[in-house]
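A.B. asks: coords please:
(2 chains)
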Amino acid sequence: MRIACFALALFATLPAFAQDIAVRIRSARPFGYFVGDLIHARVDVSSPANATLSRASLPKAGALSGSLDLRDVELHETSENGARLWRLDLTYQNFYVALDVREIEIPGFDLTLLTAAGAETVKVPAWRVGVSPLREITPQKQEEATDYMRPDGSAAFVDEATPRHFAIGAGAAALLALILVARDRAWPPFQMRKARVFSALANEFSAQRIASGGVDFGALTQSVHRALDRANGATLLSADLPAFLLRRPEFAPLRDDFERFFAASKERFFSGQQSSNDFRAEQLAQFVSALARLERSG
Amino acid sequence: MTPLAIRAARLRHRATALWRETRSSLLVALCLALVLAMAASLVDWRRAVEANDAIEALRQGRDIAVDANAGPESLLAHIGFLAKRGEIDRARAMVEALDQSGSADLHARGHYLLANALLRKAFDLIERTEVDAANPFVNLAKREYRRALQLAPDYWDAKFNLDVAARLVRDFPDFERKSGDELSADPKKLWTDIPGKPKGLP
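C.D. replies: Below is the predicted model:
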């Protein structure tokens, strides 16, 4: 805080209240304030340990006079050498327009200390700071009266860069996330991923269904066989199923569906019937999408 | 393995399983959220560009209707436009609207622009030797500069122009300052006067 570099200490011990009550006023600098400048002051009131400062007696922020505002009052309580120290940080604002360098008075105020013996009034004395003019008394002659004024200033523009950068960042991140989703779901160009054989197959099915309105059960069964072979690394027959499920435990919940698929496939290709009643194309598509889902959580 | 370690391992296993199950859906959700965030930023950007176009047009002196609910920068640009044309009452209404939104810095600039308009009006009246009519305008300008400085104590242009205005009309306090917080800043305790038309010296 700026108060830390205080250069001036005004002392005002109050002999009236016998022991221990002392008031110190310190300000960052006692000179060189222009109109509108903030004047920071710190008032330290040391009191006996059993005394408390009545907060109601603190000065109120607001206009003190036509040319001085009290903006801010902060009270901190500390202790120093066994005595209580009430530290009052005051911020004034000077509105006195000086024509020459002169001192203005910062008015004093009364504080109330509550002790065992009753309330005591502590007077914080008035003190002075030097104010300075901003302009010379007789400025150079200007053509227009308004030339003596500072101009209106430049326009304030809305910040465009932040939303633009944010949009670019979010767009890049969304693109990256989309690539990750595509890779996870084996969307092109990731349809050849070995770890997503069934996802790619499921995508192919839905594309076929949209394109031709239906799928050929025989072709479908064959492509499921090819996919299973790829996932297994070698041709997968119904006899190899237990070993395959041991190696790929994530597919174990679908053991019954695997068995029904092998049975239906056998019936389709070896018994000469067109399709089985209990394992139709629809169910086969569901089987493949279940495989795809489990594959993604593998 | 202690029971605690077993429990921790089981918990870890369950967490891993849950992560695997939801990973795929979370990825889709993340992608959608990012797309929405991008769309929202694009809308913001578009609005900023439109507002800046309007501000630029106002700066170049074209009157563009600005809604009282518009952004603080647009309000400020409109105040600047009105102040330049000396439309004090409309500018004051916009300053009041500006005080409801935006940062203290922009509020200060709004009050400063209004004060400049008031002071220019006062100069205009003084040049036409209507000194009595100029007096209230100077006092209003001083009040607005003071407000601007209360909002932004480091506003040097406002300090300078407050100096200019204060030299036109000096405040003469008719009281002795004695003790601080008992004193009111009652305007009735001040009397103000213009010393006469300044001969080239505001």
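
A.B. asks: wait, doesn't residue A:198 sit right on residue A:297?
C.D. replies: No - contact between residue A:198 and residue A:297 fails when scored by CB atoms under 8 Å: they sit 11.9 Å apart. C-betas here are computed from N, CA, C, even on glycine.

A.B. asks: so these two - more neighbours on which side?
C.D. replies: Taking other CB atoms under 10 Å in any protein chain shown, residue A:198 and residue A:297 do not tie; residue A:198 has more neighbours (25 against 15).

A.B. asks: need the three-state assignment for residue B:57.
C.D. replies: helix (DSSP: H, G, I helix; E, B strand; the rest coil).

A.B. asks: equivalent analysis for residue A:77, please.
C.D. replies: Quick answer, by three-state DSSP: residue A:77 is strand.

A.B. asks: and residue A:37, what pLDDT?
C.D. replies: At residue A:37, the model reports a pLDDT of 94.

A.B. asks: please read the previous query as pertaining to residue A:20.
C.D. replies: 72.

A.B. asks: and it, how far from residue A:54?
C.D. replies: To residue A:54, residue A:20 is 17 Å away according to CB to CB, to the nearest Å.

A.B. asks: how near is the closest residue to residue A:237 other than its chain neighbours to residue B:2?
C.D. replies: Once flanking residues are discounted, residue A:237 sits nearest to residue A:262: 7.8 Å by CB to CB, 6 or more residues apart in numbering or on different chains. According to CB to CB, residue A:262 and residue B:2 sit 45 Å apart.

A.B. asks: for residue B:159, phi and psi?
C.D. replies: Backbone torsions of residue B:159, given as degrees, to the nearest 10, read phi -60, psi -50.

A.B. asks: burial check on it, number of neighbours?
C.D. replies: 21.

A.B. asks: residue A:80 too?
C.D. replies: A total of 10 residues lie near residue A:80 under the criterion other CB under 10 Å.

A.B. asks: ok, now residue A:209?
C.D. replies: Residue A:209: 13 surrounding residues under other CB under 10 Å.

A.B. asks: that one belongs to a strand, doesn't it?
C.D. replies: No - applying three-state DSSP, one finds residue A:209 to be helix, outside a strand.

A.B. asks: the helices in chain B, which residues?
C.D. replies: B:3-59, B:72-84, B:88-98, B:104-127, B:131-151, B:156-168 (DSSP state H).

A.B. asks: winner for burial among those?
C.D. replies: Looking across those with neighbours counted as mean count of other CB atoms under 10 Å in any protein chain shown, the highest average goes to helix B:72-84: a mean of 25.

A.B. asks: quick one: average confidence on that one?
C.D. replies: On average, helix B:72-84 scores 92.

A.B. asks: quick one: distance of it to the chain centre.
C.D. replies: 10 Å (CA atoms, centre = their mean, to the nearest Å).

A.B. asks: where in the stretch 1-150 of chain A is pLDDT low?
C.D. replies: Residues of the stretch 1-150 of chain A meeting the criterion pLDDT under 70: A:1-19.

A.B. asks: up against chain B, what does it have?
C.D. replies: A:34-38, A:59-60, A:62-67, A:69-71, A:93, A:95, A:97, A:99, A:105-110, A:126, A:133-135, A:138-139, A:141-142, A:145-146, A:148-150 (CB under 8 Å from any CB of the partner chain).

A.B. asks: write the ChimeraX selection for whichever of these are buried.
C.D. replies: Only the buried entries of the residues of the stretch 1-150 of chain A next to chain B go into this ChimeraX selection, using 16 or more other CB atoms under 10 Å in any protein chain shown:
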select /A:34,35,36,37,38,59,63,64,65,66,67,69,70,71,93,95,97,106,107,108,109,133,134,145,146,148,149,150
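
A.B. asks: okay, and which of the residues of the stretch 1-150 of chain A next to chain B map to strands?
C.D. replies: Among the residues of the stretch 1-150 of chain A next to chain B, the members falling in strands (DSSP state E) are A:38, A:62-65, A:69-71, A:93, A:105-106, A:109-110.

A.B. asks: so which of those residues is the closest to chain B?
C.D. replies: Relative to chain B, the closest of these is residue A:63; by CB to the nearest CB it sits at 3.7 Å.

A.B. asks: which of the residues in the lengthiest helix in chain A are classified as buried?
C.D. replies: Looking across chain A with DSSP H, the single longest helix is helix A:161-184. The neighbour-count check on helix A:161-184 (16+ other CB under 10 Å) flags A:163-164, A:166-167, A:170-171, A:173-174, A:177-178, A:181-184 as buried.

A.B. asks: ok, back up a step: could the helices of chain B go into CSV alongside distance to chain A?
C.D. replies: Shown next, in CSV, are those (distance: least, CB to the nearest CB, whole Å):
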stretch, distance to chain A
helix B:3-59, 4
helix B:72-84, 5
helix B:88-98, 11
helix B:104-127, 4
helix B:131-151, 4
helix B:156-168, 4
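
A.B. asks: can you add distance to residue A:249 and give these back as JSON lines?
C.D. replies: Below are these laid out as JSON lines (distance: least, CB to CB, whole Å):
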{"stretch": "helix B:3-59", "distance to residue A:249": "11"}
{"stretch": "helix B:72-84", "distance to residue A:249": "61"}
{"stretch": "helix B:88-98", "distance to residue A:249": "67"}
{"stretch": "helix B:104-127", "distance to residue A:249": "64"}
{"stretch": "helix B:131-151", "distance to residue A:249": "69"}
{"stretch": "helix B:156-168", "distance to residue A:249": "75"}
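
A.B. asks: out of the ones you listed, which gets nearest to residue A:89?
C.D. replies: helix B:131-151 (18.5 Å; CB to CB).

A.B. asks: the inter-axis angle of that closest one versus helix B:88-98?
C.D. replies: Put simply, helix B:131-151 runs at 10 degrees to helix B:88-98, going by axes from the mean of the first three to the mean of the last three CA atoms, to 10 degrees.

A.B. asks: how far off centre is helix B:131-151?
C.D. replies: So, by CA atoms, centre = their mean, the centroid of helix B:131-151 is 18 Å from its chain's centroid.

A.B. asks: then stretch A:44-64?
C.D. replies: Centroid separation for stretch A:44-64 versus its chain: 38 Å, with CA atoms, centre = their mean.

A.B. asks: repeat that for stretch B:44-56.
C.D. replies: So, by CA atoms, centre = their mean, the centroid of stretch B:44-56 is 18 Å from its chain's centroid.

A.B. asks: quick one: mean pLDDT over it.
C.D. replies: 93.

A.B. asks: do stretch B:135-154 as well
C.D. replies: In this model, stretch B:135-154 carries a mean pLDDT of 94.

A.B. asks: show residues contacting it.
C.D. replies: The contact list for stretch B:135-154, computed with CB atoms under 8 Å, 6 or more residues apart in numbering or on different chains, reads A:35-38, A:69, A:71, A:93, A:95, B:104-105, B:107-109, B:111-112, B:114-116, B:118-119, B:121-122, B:125, B:155, B:158-159, B:161-162, B:165-166, B:168-169, B:192-194.

A.B. asks: next one: stretch B:22-29
C.D. replies: Applying CB under 8 Å, 6+ apart, the set of residues contacting stretch B:22-29 is A:177, A:180, A:181, A:184, A:185, A:293, A:296, A:297.

A.B. asks: repeat that for stretch B:38-52.
C.D. replies: A:157-160, A:163-164, A:166-167, A:170-171, A:174, B:70-71, B:73-74.

A.B. asks: start and end of stretch B:143-157, how far apart?
C.D. replies: For stretch B:143-157, the first-to-last residue distance is 15 Å (CA to CA, to the nearest Å).

A.B. asks: how about stretch A:71-87?
C.D. replies: Per CA to CA, stretch A:71-87 runs 17 Å from first to last residue.

A.B. asks: same check, this time on stretch B:149-161
C.D. replies: 11 Å.
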